[in-house]
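Q: here is a sequence together with a model predicted from it:
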Amino acid sequence: MAGLKRLKTAGVALGAIALALGASPALAEQRLAAETAPVEAPAAIATTPYSYENLFSIAFPQGWQVSEPAEGPQVVAVSPGANGDLPAMRTEVIWQEAPPREVVGTSLQAIQTKGYTVTRYDAANIDGVTAVRLWMSEIPDGLPNAFVTYVGYPEATATITTYYGDTETNIDPILDVIHRSFARSR
């Protein structure tokens, strides 16, 4: 089983790297369509936009606490906790002045080294560029699941990661609203 897990992670890594290095967005969408579950149209989710130092903006559901830690991610937003069918959630945004080839490759190596399980992946158009998205599980620190989006520009990359608790509810629409709201300031 461990060997199969490593092979799956390696396959995802290779596919994601190919996307990050310039595969056609249309081709990427076609190749990955079979790997992804459909995302339902979200119910109206009230969000509040947040801007960070003229670099980027992103919207979070109303009621989330947003901070700019002195160290670590530039922006951290935390849900008020488990609420009804929704698990506790935390979103982190990291902006790096490095092309996606460097950022995504290093990140995928870290995912593989830590042994996280990549449950699915796809590509999406976010802020006019092809973004690579991964869903992961078996993360040992508090919130056991993560949804990661790499939004790459020629000389910079944003990594948006939402960690969340176990849930039977499909939270993809909420994740989608948060991650797709990302936009680089021009």
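A: Yep, that arrived.

Q: in contact with the residue nearest to the spatial centre of the chain, which residues?
A: For the chain, the residue sitting closest to the mean C-alpha position, by CA atoms, centre = their mean, is Val148 at 2.1 Å. Neighbouring residues of Val148 by CB atoms under 8 Å, 6 or more residues apart in numbering: 107, 133-134, 136, 159-161. Just so you know, the C-beta spots here come from the backbone N, C-alpha and C atoms, and that holds for glycine as well.

Q: just Glu92 next, same as before
A: Counting by CB under 8 Å, 6+ apart, Glu92 makes contact with 72-73, 75-76, 160-163.

Q: after the least confident helix or strand in the chain by mean pLDDT, next one along is what?
A: Across the helices and strands of the chain, the lowest-confidence element by mean pLDDT, DSSP states H and E is helix 25-32, at a mean of 40. Next along the chain after helix 25-32, taking DSSP states H and E as the criterion, comes strand 47-52.

Q: on that earlier part again, out of the contacts of Val148, who's nearest Val66?
A: Relative to Val66, the closest of the contacts of Val148 is Ile160; by CB to CB it sits at 13.4 Å.

Q: which residue, other than its chain neighbours, is closest to the closest one?
A: Excluding its sequence neighbours, the residue lying closest to Ile160 (CB to CB, 6 or more residues apart in numbering) is Thr149, at 4.5 Å.

Q: neighbouring strands for the helix or strand containing that neighbour, and are they parallel or not?
A: Assigned by DSSP H and E, Thr149 belongs to strand 145-153. The pairing partners recorded for strand 145-153 under DSSP bridges are strand 129-137 (antiparallel), strand 156-164 (antiparallel).

Q: could those strands be laid out in a markdown table, adding mean neighbour count, mean pLDDT and distance to Val93?
A: Putting the strands paired with strand 145-153 into a markdown table (neighbours: other CB atoms under 10 Å; pLDDT from 0 to 100; distance: least, CB to CB, whole Å) gives the following:
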| stretch | mean neighbour count | mean pLDDT | distance to Val93 |
| --- | --- | --- | --- |
| strand 129-137 | 21 | 96 | 13 |
| strand 156-164 | 22 | 97 | 5 |
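
Q: in TSV: these, plus distance to Ser185.
A: As requested, the strands paired with strand 145-153 are exported to TSV (distance: least, CB to CB, whole Å):
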stretch	distance to Ser185
strand 129-137	14
strand 156-164	11
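
Q: out of these, which comes closest to Pro100?
A: Proximity to Pro100 (CB to CB) singles out strand 156-164 among the strands paired with strand 145-153, at 4.7 Å.

Q: of the strands paired with strand 145-153, which is nearest Leu86?
A: Nearest of these to Leu86, taken as CB to CB: strand 156-164 at 8.4 Å.

Q: now do the helix or strand that the closest one is followed by: which elements does it pack against?
A: The C-terminal neighbour of strand 156-164 among helices and strands, as given by DSSP H and E, is helix 172-180. Taking 3 or more CB pairs under 8 Å, 6 or more residues apart in numbering; DSSP states H and E as contact, the helices and strands that helix 172-180 lies on are strand 56-61, strand 117-126, strand 145-153, strand 156-164.
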